[in-house]
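Asker: Could you look at this predicted model? Sequence included:
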Amino acid sequence: KPQLLIDTDPGVDDALAILMAHAHADVLGLSIAAGNVGLSHTVRNARTLVDLAGATTPVFAGCPTPLVRLPEEDAAFVHGRDGLGDVGFPEPMTGVKGEHAALALLRLTREHPGEITLVALAPLTNLALALKLDPGLPQRVKRLVVMGGAVTGHGNTGRVPAEFNVGFDPEAAHIVFEGFPDFDLVDWELTLRHAFDEADFDEWLAEGDRRAAFFGQVFKVARETNRRSGRRGIIAADALAMAVAIDPSVVLRSERRHVGVELDGRLTRGATVVDWNNRLKLPEHANVVLELDQAKFAAMVCRALGAEKPT
Ligand code: BDR
Ligand code: CA
């Protein structure tokens, strides 16, 4: 079983990814970022999800704001004002640890050198801070999988080419991309190519256990927002990155490239710039995932919802 440390801002697709992680891996901790909604909500949501998973995973609160500039937008219109579809869940049983998320990332990777897959599902603020505190972090992790970026410029934020996680804290993404010599990048455009059929997904929700019932509730706002924006299918960015973290064989096609982050552009701040033709002669640190095994991905999601494996 892989050992995972998840940096996350739950968030509806984060919620699905966290359920997948608990169904398929050992989860050593959840380090929590601000992003989809404010930190107090994302921390509480993470605690709710640990309760739902029936786990004892420690939850560590991280940075409440990006490293440099305050964000221009959140994603409450997708995830609900509370980040989990405004269902109004009761106060969770799981508590929050006193240790800061960035310090917990450093400590846990020291305690398990070479064993941990770091999964980044949120703006990269906590990871960047951890890396600044200890640049030796990449040498201690087995893998880093990042959900972030839009590799050919079809972003999902107010700045056209920027994807949310990178666009929320571009400086943090820049620090992490420059600091890690090797990581898998699951970008927003890949997510759009790997959406689930709505009817299939509804079947899994109907068949599944309490986790499916929960997901059906929290997913309503996001589904409405998607429909209004004319998108078809069930889009779950963080779940896709989690599939890559749990089982690397889910990746069918990828290209190793240098990926930079635009920090200054008037129209392009937060864009990810992929050097497809190696013009810059910079280290090709990112394994840009281009195609996934959809059947394997679906099977992982089903198990996380307590539903039958799709045939
Ligand atoms: C990413 O942004 C967030 O809204 C999602 O949780 C995901 O991590 C997609 O761009
Ligand atoms: Ca997220």
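Answerer: Ah, there it is. All figures in this text were calculated on a predicted structure; none of them were measured in a lab. Ligands and ions are numbered 1, 2, ... in the order given.
Asker: quick check, T272 in a strand?
Answerer: Yes. Counting by DSSP: H, G, I helix; E, B strand; the rest coil, T272 is found in a strand.
Asker: Return the distance of the residue in the stretch 101-250 of the chain that ligand 1 sits nearest to relative to F60.
Answerer: Nearest residue of the stretch 101-250 of the chain to ligand 1: F164, at 3.5 Å (Cβ to the nearest ligand atom). From N, CA and C alone the C-beta is placed, and that goes for glycine too. Distance, F164 to F60, by Cβ to Cβ, to the nearest Å: 22 Å.
Asker: Could you count how many residues lie near D13?
Answerer: By other Cβ atoms under 10 Å, the residues close to D13 number 26.
Asker: what's the distance between it and T272?
Answerer: 19 Å.
Asker: list the contacts for the most centrally placed residue in the chain?
Answerer: Centroid-nearest residue in the chain, with Cα atoms, centre = their mean: L121, separated by 1.7 Å. Taking Cβ atoms under 8 Å, 6 or more residues apart in numbering, we find L121 in contact with 6-9, 11, 13-14, 17, 147, 165, 238, 241-242.
Asker: and what of N126?
Answerer: 7, 31-33, 62-63, 101-102, 105.
Asker: Next, format these as TSV and append neighbour count, secondary structure and pLDDT.
Answerer: Formatted as TSV, the contacts of N126 follow (neighbours: other Cβ atoms under 10 Å; DSSP: H, G, I helix; E, B strand; the rest coil; pLDDT from 0 to 100):
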residue	neighbour count	secondary structure	pLDDT
D7	30	strand	99
S31	30	strand	98
I32	30	strand	98
A33	32	coil	98
G62	28	coil	98
C63	21	coil	98
A101	28	helix	98
A102	24	helix	98
L105	29	helix	98
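Asker: As TSV, the residues you listed with distance to ligand 2 would be great.
Answerer: Shown next, in TSV, are the contacts of N126 (distance: Cβ to the ion, whole Å):
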residue	distance to ligand 2
D7	9
S31	12
I32	11
A33	8
G62	13
C63	15
A101	14
A102	18
L105	17
